[in-house]
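Trainee: no sequence for this one, just the structure:
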């Protein structure tokens, strides 16, 4: 742990708060305080966990005192790659607590692994999840983090790798019982001919920041990212999703949907990056917001950073309200206005919501009951 703290302090001199997504991270809205990691627990569906362990894999916790050399390597590499990000460095200044999911080579897990983490602390919380997926393996992982106490702040870090020729379906669902300041940082690495499908949904309330990045490091790597945010009340939410092509013949898709209720603010930034030498790569992205609240405010910022000629890249973006013609049609069929709006919202978010686990759909429906 001392190595992580020392690195964080070393890089702290040149670090700064990110400025994308139209939100100033350095304001008091997102100031980070001391954390207390002692009050959290986890569980997983036992049948899948038993299958994973029977095949040499595992799900286990780690802390500052028990972290292994391999787990430490994941985190030091992540910090060195993102050494100018003040928010991530702040995360590593705390006592490290978290979970590592390990899947060995040549293992195919038949049923989804449903992992639930309950952070019951009334203090601030910092947790790290590491995915370590071996070669030529496949697994589906549904991760849910419940901030079930009254924690005023939470910092969640998700990192790891998908080794060559493997396929991973990974979902991240965040919930909170009360307003919080949440920062979620993701940094996944996909190797040769491997595939990562990552879906994300947060129903946390308050000031929420997400920076989720996938690196396509070797030839033939593929990644899809599906992100959903529903901003309510006075929430201020910023979500950046990036997929970075560092090798040729790699493919990425980013698809994000957001719904703004009441007086909320929501900013989407999507980044498709193709490095020099990553020829014959294909990066596509689509980000759309629907403003429902009269005083809601949202923006979409699509970015393509292309440093190679022989590639395919494109983006689509929109911010708008209900389609008046569609709403009028539903009303003309005798459907009440609230139900008609719900139909339009469900249709709008369907391209992303369809990739989320069933439990997410129940959470979504509660916004509109």
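Mentor: Perfect, I can see it now. Note that the coordinates shown come from a computational prediction; the quantities given were computed from them, not determined experimentally.

Trainee: only C-alpha atoms for contact and neighbour calcs from this point on.
Mentor: Will do.

Trainee: Can you list the strands that whatever helix or strand residue 259 lives in pairs with?
Mentor: Taking DSSP states H and E as the definition, one finds residue 259 inside strand 251-260. Strand 251-260 pairs in its sheet with strand 222-231 (parallel), strand 282-291 (parallel), by DSSP bridges.

Trainee: Determine which stretch of those strands is the most buried.
Mentor: Of all those, strand 222-231 has the most neighbours on average by mean count of other CA atoms under 10 Å, namely a mean of 26.

Trainee: hey, what's residue 103 bridged with?
Mentor: Beta-bridge partners, per DSSP bridges, of residue 103: residue 133.

Trainee: which ones are touching it?
Mentor: 52, 56-58, 132-134, 137 (CA atoms under 8 Å, 6 or more residues apart in numbering).

Trainee: now swap in residue 326 and tell me
Mentor: Residue 326 neighbours (CA under 8 Å, 6+ apart): residue 344.

Trainee: can you tell me which helix or strand it belongs to?
Mentor: For residue 326, the enclosing helix or strand under DSSP H and E is helix 324-332.

Trainee: Now the next helix or strand after that helix: buried residues?
Mentor: Past helix 324-332, further along toward the C-terminus, the next helix or strand under DSSP H and E is helix 337-353. Judged by neighbour count (16 or more other CA atoms under 10 Å), helix 337-353 contains these buried residues: 340-342, 344-345, 348-349, 352-353.

Trainee: same thing with stretch 75-89?
Mentor: For stretch 75-89, a neighbour-count test (16+ other CA under 10 Å) marks 75-76, 78-79, 83-89 as buried.

Trainee: which residues in the stretch 151-300 of the chain form helices?
Mentor: Counting by DSSP state H, counting those that start in this stretch, the stretch 151-300 of the chain forms no helices at all.

Trainee: Could you tell me the average pLDDT over stretch 179-186, please?
Mentor: Averaging pLDDT along stretch 179-186 gives 89.

Trainee: Then stretch 237-244?
Mentor: For stretch 237-244, the mean pLDDT works out to 95.

Trainee: what does it contact?
Mentor: Residues contacting stretch 237-244 (CA under 8 Å, 6+ apart): 21-23, 206-216, 223, 225, 231, 252, 254, 265-275.

Trainee: try 7 Å
Mentor: For stretch 237-244, contacts defined as CA atoms under 7 Å, 6 or more residues apart in numbering pick out 21, 207-216, 252, 265-274.
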